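A.B. asks: Here is a sequence with its predicted model. Questions after.
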Amino acid sequence: MASTASKTAKQNGVRSARGERARAGLKEAALVVLERQGYHKMRIADVTGEAGVAQGLFYHYFKDLKSLTLEVLTDFAMASNDLSKIEKNVSKGDWYARIYAHNLVIVRSYAKRPGAMRCLLQLADEDEAFSAMLRENYRNQLMWLVDLMPKLFPEVRFKKHQALMVVYSLAGIGEGLIREQFINESKTLGVAQLTVEQIAELLTTMFYRALFLRHPNEKQLKYTRNLAVMVRNN
């Protein structure tokens, strides 16, 4: 009877607290292995060994390595979507601080887990559904600003697609720098030895200048304070 009840619970997707912890442990272990070895070199034994559980337990929770990897990397990508957490304690009227908060989350993700970010980009090239999810996630990360563009610049009379194109263009300013810094480990950029906060400040300053056509308040700046003199007088 107990065996039948357990089987029914499993079929209905009901898991015990112990089972949830075991599943979460495998996911945490997979993230560590992805960071260390990459997706194509990862094996089930690597994950279970990192988690400290028997190899046979893996199939109790996951179909295969790809399904586990997709779930782990999806969770990783979605972690930067919570606007309330990102902008916690940031004044809505402080646009520099708001943009900085978003950039800081992104830069920290790359800095903390460059291997996982590399796997994320690789898997996006190989799995169409995962790639579509990432694109939609990226779009959602930008829509908060797209929706506010008409209010920020009422004189422009933005059309929705114009606001979208402007924000996408500006968001792409730092993408190449971040990938070169953390994914490709550029020696050229590495010479500067910038901190995560300095890189986030640089990206935010350039984004802010391009959006508002003025330099941010120098009191909020450290690394980029001197860039205020980069103003062309016609």
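C.D. replies: Right, received. Where do you want to start?

A.B. asks: And the helices in the protein, which stretches?
C.D. replies: 2-11, 17-37, 44-51, 58-61, 65-78, 83-86, 95-112, 114-126, 128-152, 160-171, 175-178, 187-190, 196-212 (DSSP state H).

A.B. asks: Can you tell me which of these has the worst average pLDDT?
C.D. replies: Per-stretch mean pLDDT for the helices of the chain is lowest at helix 2-11 (a mean of 41).

A.B. asks: now the helices of the chain as CSV including mean neighbour count and distance to residue 222?
C.D. replies: To be clear about C-beta, it is placed using only N, CA and C from the backbone, and glycine gets the same treatment. As requested, the helices of the chain are exported to CSV (neighbours: other CB atoms under 10 Å; distance: least, CB to CB, whole Å):
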stretch, mean neighbour count, distance to residue 222
helix 2-11, 10, 54
helix 17-37, 17, 30
helix 44-51, 18, 38
helix 58-61, 15, 46
helix 65-78, 18, 29
helix 83-86, 12, 21
helix 95-112, 19, 12
helix 114-126, 18, 24
helix 128-152, 14, 24
helix 160-171, 15, 22
helix 175-178, 15, 18
helix 187-190, 10, 19
helix 196-212, 20, 7
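
A.B. asks: Nearest to residue 225 among these would be which one?
C.D. replies: When the helices of the chain are compared for distance to residue 225 using CB to CB, the nearest one is helix 196-212, at 9.0 Å.

A.B. asks: For the closest one, name the packing helices and strands.
C.D. replies: helix 95-112, helix 160-171, helix 175-178 (3 or more CB pairs under 8 Å, 6 or more residues apart in numbering; DSSP states H and E).

A.B. asks: what's the domain layout of the protein?
C.D. replies: Split into domains by automatic domain parsing, the chain comes to 15-74, 82-229.

A.B. asks: could I have stretch 182-197 exported to PDB, CA atoms only?
C.D. replies: Extracted C-alpha coordinates of stretch 182-197, given in PDB (Å, rounded to 0.1, in the frame of the first residue of the first chain):
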ATOM      1  CA  PHE A 182      34.900  37.700 -18.400                       C
ATOM      2  CA  ILE A 183      34.300  35.100 -21.200                       C
ATOM      3  CA  ASN A 184      37.300  35.700 -23.400                       C
ATOM      4  CA  GLU A 185      39.500  36.900 -20.500                       C
ATOM      5  CA  SER A 186      41.000  39.600 -22.700                       C
ATOM      6  CA  LYS A 187      44.600  40.400 -21.600                       C
ATOM      7  CA  THR A 188      44.200  43.900 -23.100                       C
ATOM      8  CA  LEU A 189      41.200  44.700 -20.900                       C
ATOM      9  CA  GLY A 190      42.700  42.800 -18.000                       C
ATOM     10  CA  VAL A 191      45.600  45.200 -17.700                       C
ATOM     11  CA  ALA A 192      43.200  47.800 -16.200                       C
ATOM     12  CA  GLN A 193      42.300  45.400 -13.400                       C
ATOM     13  CA  LEU A 194      38.900  47.000 -12.900                       C
ATOM     14  CA  THR A 195      36.600  45.900 -10.100                       C
ATOM     15  CA  VAL A 196      33.100  44.700 -10.800                       C
ATOM     16  CA  GLU A 197      31.800  48.000  -9.400                       C
END
